[in-house]
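Visitor: Sequence plus predicted model, see below.
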Amino acid sequence: MMKNSPDLRVQLAPRHPRGLILANPVMIASGIAGYGVEYAEIADIQALGAVVCKGTTLKPREGNPQPRLVETAGGLLNSIGWENIGIDALIEEKAPIWASWQVPVIVNIAGETIDEYVAVTSKLEGVPGISGIELNISCPNVSSGGMEFGVDPQLAAQVTSEVKAATTLPVIVKLSPNVADIREIALAVEGAGADAISLINTLKGMVIDINKRKPCLGNTVGGLSGPAIKPVALHMVFEAVKVVHIPVIGCGGIACAEDALEFIMAGASAVQIGTACLTIPDSCVSISEGIERFLREKGINNITDIVGAAQDKS
Ligand SMILES: Cc1cc2nc3c(=O)[nH]c(=O)nc-3n(C[C@H](O)[C@H](O)[C@H](O)COP(=O)(O)O)c2cc1C
């Protein structure tokens, strides 16, 4: 039996002068807990590795027409479409609260143009309470911007380098699974200066109501999340880890500690929990506890000892 608790700390921005150290590898994914403030009343947010807030744009946005959520076999289809309070309200109302938290908060940013991404980023410069930026170039539910940047290596690189030039915060780039080869995009954003990458965002999908003879979602198309996408996400993480030399954050269908450990063994330095927290709000806390229990039972001193343990050893 081990005497000491295993070391769960992870460094998500080793190349960045400030770094981004998490107390444990479990983060709440963007879009799941809003700005974390209400969520803090139902789950022990300070026990998490990090909180990623809702995708935020330059101006407030109302999002897509209802209905915006529909359940599918083993999954959830959403077409929220960037409903958010806008960057100014985030800075005025949310950041001061975050500044009093121990848990790092990462701001997920979105935009229709590269200029919008840069403008949002510039506004965050020097604001207390923010530990990093997650660049969402992978949202499938908006008509312009979002995923458009995440499926083209050149555009992905351009938005990454322009955002990097506009900030001193670590930048995580969130990739889309709706591509032919995830490695190409991962390499492009690494080359453009990304400090880390997170993957995956949701997979494009739809559902039809056969009685109404029309799509169930007000926006027709939505993003699929939840257990149904886990094997796809895991494989993409496994592939991305092979080619990049920056930390990879795994996301997609993680619902228990065992799922999270699979991503870590595929090479993810940390994981994000999304849909599972919509059904069981504190599942991210229990996932973190479960990872610690696993390490303790196996006599592993440091989480980093198992990162990539299932990668080919050639
Ligand atoms: C309701 C909902 C809203 C989301 N909003 C965002 C968002 O604003 N920005 C973003 O990058 N990802 C967003 N996502 C994607 C999640 O962060 C995550 O990448 C995806 O759901 C896969 O993880 P999961 O299967 O654990 O949910 C959202 C997902 C859901 C279900």
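Guide: That came through, no problem.
Visitor: count of neighbours near Val173?
Guide: 32 (other Cβ atoms under 10 Å). In this view, the C-beta of every residue, glycine as well, is placed from N, C-alpha and C.
Visitor: what helix or strand does it sit in?
Guide: Per DSSP states H and E: Val173 is located in strand 171-174.
Visitor: which helices and strands does that strand pack with?
Guide: Here strand 171-174 touches strand 132-136, helix 153-165, strand 196-199, going by 3 or more Cβ pairs under 8 Å, 6 or more residues apart in numbering; DSSP states H and E.
Visitor: roughly how far out does the second one sit from the chain middle?
Guide: Read that as helix 153-165. 18 Å (Cα atoms, centre = their mean, to the nearest Å).
Visitor: neighbours of Pro65, just the number please.
Guide: Using other Cβ under 10 Å as the criterion, the residues surrounding Pro65 number 12.
Visitor: which SS class is it?
Guide: coil (DSSP: H, G, I helix; E, B strand; the rest coil).
Visitor: isn't it right up against Gly218?
Guide: Yes - Pro65 is in contact with Gly218 according to Cβ atoms under 8 Å; the separation is 3.4 Å.
Visitor: okay, Ser314: pLDDT?
Guide: Ser314 is assigned 56 on the pLDDT scale.
Visitor: near the ligand, which residues of the stretch 51-200 of the chain show up?
Guide: Proximity of the stretch 51-200 of the chain to the ligand, by Cβ under 6 Å from any ligand atom, involves residues Lys54, Gly55, Leu76, Asn78, Ile80, Asn108, Asn136, Cys139, Lys174.
Visitor: Tell me the spacing between the nearest residue to the last one once chain neighbours are set aside and Ile114.
Guide: The one in question is Lys174. Leaving aside its chain neighbours, Lys174 sits nearest to Ser198 (4.6 Å; criterion: Cβ to Cβ, 6 or more residues apart in numbering). For Ser198, the distance to Ile114 equals 20 Å [Cβ to Cβ, to the nearest Å].
Visitor: which one of those two has more residues nearby?
Guide: Legend: neighbour count by other Cβ under 10 Å for Ser198 and Ile114, higher for Ser198 (31 against 17).
Visitor: Which helix or which strand is home to Leu234?
Guide: Going by DSSP H and E, Leu234 is in helix 230-243.
Visitor: Contacts for that helix, please.
Guide: Identification of contacts with helix 230-243 by Cβ atoms under 8 Å, 6 or more residues apart in numbering yields 175, 177, 182-183, 186-187, 197, 199-200, 203, 248, 250-255, 259, 262-263, 266-268, 308, 310-312.
Visitor: How about stretch 37-44?
Guide: The contact list for stretch 37-44 (Cβ under 8 Å, 6+ apart) reads Ile28, Ala33, Ile45, Val51, Lys94, Ile97, Cys277, Pro281, Asp282, Cys284, Val285.
Visitor: in it, what's buried?
Guide: Val37, Tyr39, Ala40, Ala43 (16 or more other Cβ atoms under 10 Å).
Visitor: Now the closest residue to the ligand within the stretch 51-200 of the chain: phi and psi?
Guide: The stretch 51-200 of the chain approaches the ligand most closely through Gly55 (2.9 Å), counting by Cβ to the nearest ligand atom. Dihedral pair for Gly55: phi -50, psi 130, per degrees, to the nearest 10.
Visitor: Would you enumerate the residues in contact with it?
Guide: Ser30, Gly31, Trp82, Asn84, Asn108, Ile109, Ala110, Asn136, Cys139.
Visitor: Then Asn64?
Guide: Contacts of Asn64 by Cβ under 8 Å, 6+ apart are Ser79, Ile80, Gly81, Glu83, Asn141, Val142, Leu217, Gly218, Asn219.
Visitor: Sounds good, over and out.
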